[in-house]
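A.B. asks: Show me the folded form of this:
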Amino acid sequence: MLSAIGLPALLIVAGLIWRYASQRQSLPCPVWLRWLVEMDNPFTRTNRAAVILQHLRLQPGMTVLDIGCGPGRLTLPCARAVGTTGRVLALDIQAGMLQRTRDKARHAGLTNIDFIEADITAAALPPNQADRALLVTVLGEVPDRPAALRAVHAALKPGGLLSVTEIIFDPHFQRRSSVLREATAAGFRQAGFFGNAIAYTLHLEKAESIPVS
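C.D. replies: Model prediction:
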């Protein structure tokens, strides 16, 4: 077991390595660092899985799109919340992350998860099917954020919610103002805000039409 001092130190070192690598290009969290995103951040409550899910108000039968699902920190709780009549679409560009999630789902006996190895902009998701979508410290890793947000908008049902979580510790941290500006251009409107300027979850509702700029 890591000591109380050792764990924070390890998190800081791992975060610095990832941040340095990400300065050269927009990199998703590498598979070898999956343990870093499997655990809830000890420094902030905002991005803890239980807190994010509480805000989502998931119901049995819903369809959830978990974009950049990584090792399944949110995927599995979502699958349990929507039950056998619901579905979770776990999407990631890294096969290793999807395999980790697949193994955990099998061990947990969850069969309501579909695994998609693709970029959100090339996933060819069925339109107007998802009730909820998740981007948890992922948006900054996407090279074409406007295209990604448009793709999420198309995949959501009218009135569906996109939940964007960002924390300052992430090397790809996105400010609330930037996310809201790009999301509004893609056809979303703000539906809720939780947290503060450096650690927050922003809820965005799918509007029926994309505003004309």
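A.B. asks: contacts and neighbour counts: CA atoms only from here.
C.D. replies: OK.
A.B. asks: average pLDDT across the strand ranked longest in the chain?
C.D. replies: Across the chain, the strand with the greatest residue count (assigned by DSSP state E) is strand 156-167. Averaged over strand 156-167, pLDDT sits at 97.
A.B. asks: need the next SSE after that strand, C-terminal direction.
C.D. replies: helix 176-186 (DSSP states H and E).
A.B. asks: got the angle for that following helix vs strand 156-167?
C.D. replies: Put simply, helix 176-186 runs at 160 degrees to strand 156-167, going by axes from the mean of the first three to the mean of the last three CA atoms, to 10 degrees.
A.B. asks: Which strands or helices does helix 176-186 pack on?
C.D. replies: helix 145-155, strand 188-195 (3 or more CA pairs under 8 Å, 6 or more residues apart in numbering; DSSP states H and E).
A.B. asks: among those, which is nearest Arg100?
C.D. replies: helix 145-155 (23.9 Å; CA to CA).
A.B. asks: Output the contacting helices and strands for the closest one.
C.D. replies: helix 176-186.
A.B. asks: Met97 and Ile67 touch, don't they?
C.D. replies: No - checked against CA atoms under 8 Å, the pair Met97 and Ile67 is beyond contact range at 12.0 Å.
A.B. asks: Please export the C-alpha coordinates of stretch 86-95 as PDB.
C.D. replies: Presented in PDB, the C-alpha positions along stretch 86-95 are these (Å, rounded to 0.1, in the frame of the first residue of the first chain):
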ATOM      1  CA  GLY A  86     -30.300   0.500 -21.000                       C
ATOM      2  CA  ARG A  87     -27.000   0.700 -23.000                       C
ATOM      3  CA  VAL A  88     -23.700   2.300 -22.500                       C
ATOM      4  CA  LEU A  89     -21.600   3.100 -25.600                       C
ATOM      5  CA  ALA A  90     -17.900   3.100 -24.400                       C
ATOM      6  CA  LEU A  91     -15.800   4.900 -27.000                       C
ATOM      7  CA  ASP A  92     -12.000   5.300 -27.000                       C
ATOM      8  CA  ILE A  93      -9.300   5.500 -29.600                       C
ATOM      9  CA  GLN A  94      -7.000   3.300 -27.600                       C
ATOM     10  CA  ALA A  95      -7.500  -0.500 -27.800                       C
END
